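A.B. asks: kindly return the folded structure for what I paste below:
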Amino acid sequence: VIRQKVLGDDHPDTARTLASMANIFSEQGEYEKALEYFKKALVIRQKVLGDHPHTAVTFRYIALVFQKLNDTQQELDMWEKAHDVFVNTSGPDHEDTKEAKAKIEECKQRL
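C.D. replies: Numbering: from 1, shown residues only. Down below sits the predicted model:
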């Protein structure tokens, strides 16, 4: 990744590029490759941004990939992490927080 070489491994733009690539892999049905890139983006975002909406969104995307892989337990874990970050950054009444909470309940019903 050119951006990674220019900006470094711990730059938010590097994470954004990795997440964009992950989205492309996911759209192509290459879910394992998507997970690999989302997880790399997540590590950077957690390190550089901490509890931040972009971090929560990355958890959300990983949850959606696990849903495609029919791994409900992993999906649930990611939605719970997304929910926690959304609560901390956006509050309990924000639409993203409410969506994550609803997805947690959906996962629990499937387990």
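
A.B. asks: going by C-alpha atoms from here, please, whenever you check contacts or count neighbours.
C.D. replies: OK.

A.B. asks: this structure: helices as residue ranges?
C.D. replies: 2-7, 12-27, 31-48, 53-68, 72-90, 95-110 (DSSP state H).

A.B. asks: let's have those helices in TSV, adding mean neighbour count and mean pLDDT.
C.D. replies: Formatted as TSV, the helices of the chain follow (neighbours: other Cα atoms under 10 Å; pLDDT from 0 to 100):
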stretch	mean neighbour count	mean pLDDT
helix 2-7	12	61
helix 12-27	20	95
helix 31-48	20	97
helix 53-68	23	98
helix 72-90	21	98
helix 95-110	16	98
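
A.B. asks: contact partners for residue 84?
C.D. replies: For residue 84, no contacting residues are found, by Cα atoms under 8 Å, 6 or more residues apart in numbering.

A.B. asks: if you set the cut-off to 10 Å instead, what comes out?
C.D. replies: Residue 84 is in contact with 51, 56, 78, 90-92, 97, 100-101, counting by Cα atoms under 10 Å, 6 or more residues apart in numbering.

A.B. asks: let me know the closest of those to residue 41.
C.D. replies: Distance to residue 41 across the contacts of residue 84 (Cα to Cα) is lowest for residue 56, with 11.5 Å.

A.B. asks: roughly how far does that closest one sit from residue 78?
C.D. replies: 9 Å (Cα to Cα, to the nearest Å).

A.B. asks: my guess is residue 63 contacts residue 75, does it?
C.D. replies: Yes - under the criterion of Cα atoms under 10 Å, residue 63 makes contact with residue 75 at 4.3 Å.

A.B. asks: give me the common contacts of the two.
C.D. replies: Shared contacts of residue 63 and residue 75, defined by Cα under 10 Å, 6+ apart, are found at 69, 103.
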